[in-house]
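Chemist: structure for the following, please:
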Amino acid sequence: MSWHANREFFVSWEELHRATKELARRQLPAEQWRGIIAVSRGGLVPAAILARELNVRIVDSVCVSSYDHQAQRADVSLIKDVSATTDGEGFLVVDDLVDTGNTLKFLRQRLPRAKFVTVYAKPAGMELVDDYVADLEQETWIHFPWDMHLHYVDPLAGAE
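Modeler: Numbering: from 1, shown residues only. Okay, here's the model as predicted:
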């Protein structure tokens, strides 16, 4: 019997912060960046950490939809466009994860001069991201801390 039918990776707030801070360090010197564009929703928290670490004040967002809960769709819908730049020049586009790359393919057409960074990357989308901190196997489902709730779990041997 296999450990899990589907691999899962659980990310704590501390791990996300450490990995995102490492991503920020790789984007130095900070003066090269005019601003940051968060890919909503997953890129919002990493974008805030990058903005703080790089001392960047212009933070915009682009809102796209490519998932229905845990299933990724083939199409990407633009819900809210970027207003801080027309082509992405001098901007970091930040997302939590590149999976198949559909979202980044779509955004690279919209913002061809931006630098695209993610905290995590899977093989199918790695070629579309300019920098990332950690890679995962394609079949792994990642659970981010904003999607989880901490609660007590009984010991395996039971409680006394």
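
Chemist: who's in contact with residue 48?
Modeler: Residue 48 is in contact with 38, 59, counting by C-beta atoms under 8 Å, 6 or more residues apart in numbering. Every C-beta, even on glycine, is put in place using the N, C-alpha and C of the backbone.

Chemist: ditto for residue 33
Modeler: Contacts for residue 33 were tallied using C-beta under 8 Å, 6+ apart; they are 27, 54, 56, 90-92.

Chemist: centroid-nearest residue for the chain?
Modeler: residue 96 (1.0 Å; C-alpha atoms, centre = their mean).

Chemist: any of the contacts of residue 33 buried? List them.
Modeler: 27, 54, 56, 91-92 (16 or more other C-beta atoms under 10 Å).

Chemist: among the contacts of residue 33, which are in strands?
Modeler: 91-92 (DSSP state E).

Chemist: against residue 44, how distant is residue 81?
Modeler: Distance, residue 81 to residue 44, by C-beta to C-beta, to the nearest Å: 16 Å.

Chemist: ok, longest helix in the protein?
Modeler: helix 13-25 (DSSP state H).

Chemist: and the next element down the chain from it?
Modeler: Downstream of helix 13-25, the next assigned helix or strand under DSSP states H and E is strand 35-40.

Chemist: and residue 81 and residue 44? Which one has more around it.
Modeler: The residue with more neighbours, out of residue 81 and residue 44, is residue 44; 17 against 12, by other C-beta atoms under 10 Å.

Chemist: for the more buried one, phi and psi?
Modeler: phi -60, psi -50 (degrees, to the nearest 10).

Chemist: distance of the residue nearest to it when sequence neighbours are not counted from residue 61?
Modeler: Leaving aside its sequence neighbours, residue 44 sits nearest to residue 38 (C-beta to C-beta, 6 or more residues apart in numbering; 4.9 Å). With distances taken as C-beta to C-beta, residue 38 is found 5 Å from residue 61.

Chemist: pretty sure residue 129 contacts residue 120?
Modeler: No - taking contacts as C-beta atoms under 8 Å, residue 129 lies outside contact range of residue 120: 9.7 Å.

Chemist: of those two, who's got more company?
Modeler: Higher neighbour count among residue 129 and residue 120: residue 120, with 26 against 20, using other C-beta under 10 Å.

Chemist: what angle do strand 35-40 and the one helix or strand the more buried one maps to make with each other?
Modeler: Element membership for residue 120, per DSSP H and E: strand 115-121. Strand 115-121 and strand 35-40 are oriented at 40 degrees to each other (axes from the mean of the first three to the mean of the last three C-alpha atoms, to 10 degrees).
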